[in-house]
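In: My questions are about this predicted structure, shown below with the sequence.
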Amino acid sequence: MTQSSSSKARIVRPDNVPRIPWINGAGYTRQIGSRRDPALGDGFMWRLSLADLNEDSAFSCLPGIDRIFTLASTGNVELSINGQAHRLGLGKTAEFPGEADVHLRMADQSPQLGLNLMTNRNAAMGSVSTKRLDGPVLLDPRSGVVAVTVLDGSASLSSRRRLDPLATLILDTGAEELFARNCLLAIVTVRSATKGISGQHGRAISVRLRHAAGVN
């Protein structure tokens, strides 16, 4: 596997990104990466952010947006999604529409972190796959991969740039070879929405939970 020489991938570390308040003012987040589409005006096609979770709170209502929440820290939280409780640990994800009534309850006393992928339902479809890997990993934008976040462990690029926990690699147009060291990765994929996709809105409205491979 080889890294594309034309790649302009960048590493984003949360300590270098300013905190901004949630839309509902109930918490703070850091925008890690995003892509805008001129056809959407001021709206985004996708956005990836890392939220500080310090206390019980309600999530913002975001009509027309699909969300995937991944716990990015080693504790536990409970999400109530339209009245149904879901307990999440490190690397576990929950998918739900932005219109859902979502409340966060802190299951542990310590602050937690949440990785949030938001996609414009009319423009894109997103997914987050959490995997613990050891060895080389090829990340190819042609397959829809837009970013990868280190949740645990460490990784490096062929250019010897290092990704420590919570660092995110934002891909450009070229493929990147990542060398994982017993590393739990959140691999973010976004594809353009295509008219006539069967079950597109059914996928958005349903709530899905997934465990990371190799994570309890």
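Out: Ah, there it is. Numbering: from 1, shown residues only.
In: Look up which helix or strand Asp134 falls in, please.
Out: Asp134 belongs to strand 124-139 when assigned by DSSP states H and E.
In: which residues of the chain score low on pLDDT?
Out: 1-7, 38-42, 194-216 (pLDDT under 70).
In: Restricting to C-alpha, output stretch 100-114 in CSV.
Out: What follows is stretch 100-114, C-alpha atoms only, in CSV (Å, rounded to 0.1, in the frame of the first residue of the first chain):
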residue,chain,number,x,y,z
ALA,A,100,-35.3,13.3,17.6
ASP,A,101,-35.8,14.1,21.2
VAL,A,102,-32.4,13.2,22.7
HIS,A,103,-31.2,13.7,26.2
LEU,A,104,-27.8,12.8,27.6
ARG,A,105,-27.4,11.4,31.1
MET,A,106,-23.9,11.1,32.6
ALA,A,107,-23.5,7.5,33.8
ASP,A,108,-20.1,8.3,35.3
GLN,A,109,-19.0,11.3,37.4
SER,A,110,-16.1,12.1,35.1
PRO,A,111,-16.4,14.3,32.0
GLN,A,112,-16.8,12.5,28.7
LEU,A,113,-16.3,13.2,25.0
GLY,A,114,-18.7,12.6,22.1
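In: what's the distance between that stretch and the middle of its chain?
Out: 16 Å (C-alpha atoms, centre = their mean, to the nearest Å).
In: Buried by neighbour count: which residues of that stretch qualify?
Out: Buried residues in stretch 100-114, counted by 16 or more other C-beta atoms under 10 Å: Ala100, Val102, His103, Leu104, Met106, Gln112, Leu113, Gly114. Yep, even glycine has a C-beta here, placed from its N, CA and C like the rest.
In: Closest to Phe59 out of those residues?
Out: Nearest to Phe59 among those is Val102, at 3.9 Å by C-beta to C-beta.
In: nearest spatial neighbour of that closest one, skipping sequence neighbours?
Out: Leaving aside its chain neighbours, Val102 sits nearest to Phe59 (3.9 Å; criterion: C-beta to C-beta, 6 or more residues apart in numbering).
In: I'd like the distance between the one you found and Asn16.
Out: Look at Phe59 and Asn16: by C-beta to C-beta, to the nearest Å, they are 25 Å apart.
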